[in-house]
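K.L.:
All I have is the shape, not the residue letters:
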């Protein structure tokens, strides 16, 4: 990779965010559903190509202390920042090394999970070739590689933004001038376009989120020398030249395809029997701009379809609520359950209704399949001694429906049990990494590998949650922080005194703890 590109990352590091789709636990879940035998994540070897400042790899290392993690990046400053963070958090199982993807050492070893998030589309032809070669060379026999990349046709509008920003900054002499010119162009477009036709409506839909991005994002995603989105079929052809095979796509859930509906799918079948070509047509219809593709070795035998019986080895979660809160799961009436993303599922089957009700009640906690069956039977008032006599056909139907829910984005499957707690203990604990992040800002990483923006009071509560304090001690510590000027409590425009502050905090603290628990930020 070009030295001047590395210099730009040294000058302006790219503080990334955790990429939930790249988490090895999710990769293992999808691999298992495709018939593979993925390595136990808690003891795996994980490599990230293009790790940046470590924001994606550090939460994984903190979560799995017996696994080992290696992040490489060509920017010396980003590696320095990642290494410093690992040391301050106290993570001994992660290493960051300044290496170029195009020149990896032969003795790097093999890894069970390889991650390349947002690199493939932003490097030159030689480096993207070396990236896939690294996946083939350093991936264990049953390993999974995650590669995210920008895709056509959806990225065409972003190409337009990039071309216009580069044109506006054509005479810029410094990085700051280039970014200033880019923002000037975006502001001009935003102020000048009237949403009166399909073109301007489409552009403005993409323009708003882009304007909210950081300078570092604009610089490294739009103003770098190289930007090479590809069509999905082009990526697959490239991977196959390196003896790698697509094993699914994270963004589309556990299924391989993002189905378009019965009529459209029938038309696709008439157009082509090829799975990759079908996916390409779906991308065209969806105008997809980003893909997160999983790759495995060519000789791995993948299941052509998802087998419902594999659900019994998984843990499940779903933030569902019944459309009718007073429904009876024992009735044979059709009931609908709603997910936060607007999707819904309808069923008249009592055991399925009871299972979905239970998942919604315990969310965000997980339930193993056996636990879910027991809970559903309890809701249906089936005596314990009779639960073993449930007809196998009903259990199979439950497995099939849960699989459909997961494939459709209504529920999620997890190969491992949860590593967070959703109920408050006497002395709450947050992860070391989350506490470290809270001291530095209001963006922290939870145990779902999501980035969570927390309120100011939650920052100060979170940094105190090392398991040594009960509620009374937390309240005293918070009051002390307020008295020391770490944060201010004001009512009706005036700063309150210590006694008033403690009364206010005593009401605020339980709410803050509940929100932290609800967001997957507390651990056992």
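P.N.:
Done, it's in. Just so you know, these numbers come straight off a predicted model, no measurement behind them. Numbering: from 1, shown residues only.
K.L.:
what residues does stretch 68-88 touch?
P.N.:
1, 5-6, 9-10, 13-14, 44-54, 57-58, 60-61, 93-101, 104, 111, 436 (CB atoms under 8 Å, 6 or more residues apart in numbering). Where C-beta positions appear, they are placed from N, C-alpha and C, glycine not excepted.
K.L.:
In helices, which of these fall?
P.N.:
5, 6, 9, 10, 57, 58, 60, 61, 436 (DSSP state H).
K.L.:
By pLDDT, rank those residues and give me the bottom one.
P.N.:
By pLDDT, residue 5 ranks lowest within the ones in helices among the contacts of stretch 68-88, coming in at 72.
K.L.:
how many other residues sit next to that residue?
P.N.:
For residue 5, the neighbour count with other CB atoms under 10 Å is 19.
K.L.:
One more: residue 325?
P.N.:
By other CB under 10 Å, the residues close to residue 325 number 6.
K.L.:
hang on, it in a strand?
P.N.:
No. Using DSSP: H, G, I helix; E, B strand; the rest coil, the assignment for residue 325 is coil, not a strand.
K.L.:
Who are the packing partners of the longest strand seen in the chain?
P.N.:
Longest strand in the chain by number of residues, with DSSP state E as the criterion: strand 139-150. Secondary-structure packing of strand 139-150 (3 or more CB pairs under 8 Å, 6 or more residues apart in numbering; DSSP states H and E): helix 24-33, strand 111-116, helix 125-138, helix 232-241, strand 290-297.
K.L.:
returning to that earlier point: from the ones in helices among the contacts of stretch 68-88, which is closest to residue 443?
P.N.:
Minimum distance to residue 443 across the ones in helices among the contacts of stretch 68-88 is 12.1 Å, recorded for residue 436 (CB to CB).
K.L.:
Could you report the distance from the closest one to residue 445?
P.N.:
Noted for residue 436: a distance of 10 Å to residue 445, by CB to CB, to the nearest Å.
K.L.:
which one of the two has more residues nearby?
P.N.:
Between residue 436 and residue 445, counting by other CB under 10 Å, residue 445 is the more crowded of the two (25 against 19).
K.L.:
so what's that one closest to, chain neighbours aside?
P.N.:
If the residues on either side of it in the chain are set aside, residue 445 comes closest to residue 59, at 4.4 Å by CB to CB, 6 or more residues apart in numbering.
K.L.:
wait, what's in contact with that neighbour?
P.N.:
Residue 59 makes contact with 18, 433, 445, 449, according to CB under 8 Å, 6+ apart.
K.L.:
next one: residue 195
P.N.:
Neighbour list for residue 195: 201, 204 [criterion: CB under 8 Å, 6+ apart].
K.L.:
State the distance from residue 521 to residue 448.
P.N.:
Distance of residue 521 to residue 448, given as CB to CB: 10 Å.
K.L.:
So for the two, which residues contact both of them?
P.N.:
Contacts common to residue 521 and residue 448, judged by CB under 8 Å, 6+ apart, are residue 420.
K.L.:
Those two: which is more packed in?
P.N.:
Set residue 521 next to residue 448 and count neighbours by other CB under 10 Å: residue 521 wins out with 28 against 23.
K.L.:
Is that one in contact with residue 452, as I believe?
P.N.:
Yes. At 6.8 Å, residue 521 and residue 452 qualify as touching, with contact defined as CB atoms under 8 Å.
K.L.:
ok but residue 16 is inside a helix, no?
P.N.:
No. The assignment for residue 16 (three-state DSSP) gives coil, which keeps it out of a helix.
K.L.:
And it, how far from residue 415?
P.N.:
As for residue 16, its distance to residue 415 is 25 Å (criterion: CB to CB).
K.L.:
same question, residue 120
P.N.:
26 Å.
K.L.:
now residue 37
P.N.:
Applying CB to CB, the value for residue 37 to residue 415 is 11 Å.
K.L.:
Any stretches of the stretch 401-524 of the chain with poor pLDDT?
P.N.:
492-493, 498 (pLDDT under 70).
K.L.:
at 90 what do you get?
P.N.:
The stretch 401-524 of the chain contains residues with pLDDT under 90 at 404-410, 482-504, 524.
K.L.:
Mind jotting down where the strands sit in it?
P.N.:
Listed in chain order, the strands of the stretch 401-524 of the chain (DSSP state E, counting those that start in this stretch) span 412-414, 429-430, 443-445, 451-453, 490-491, 494-495, 522-523.
K.L.:
Cheers, nothing more for now.
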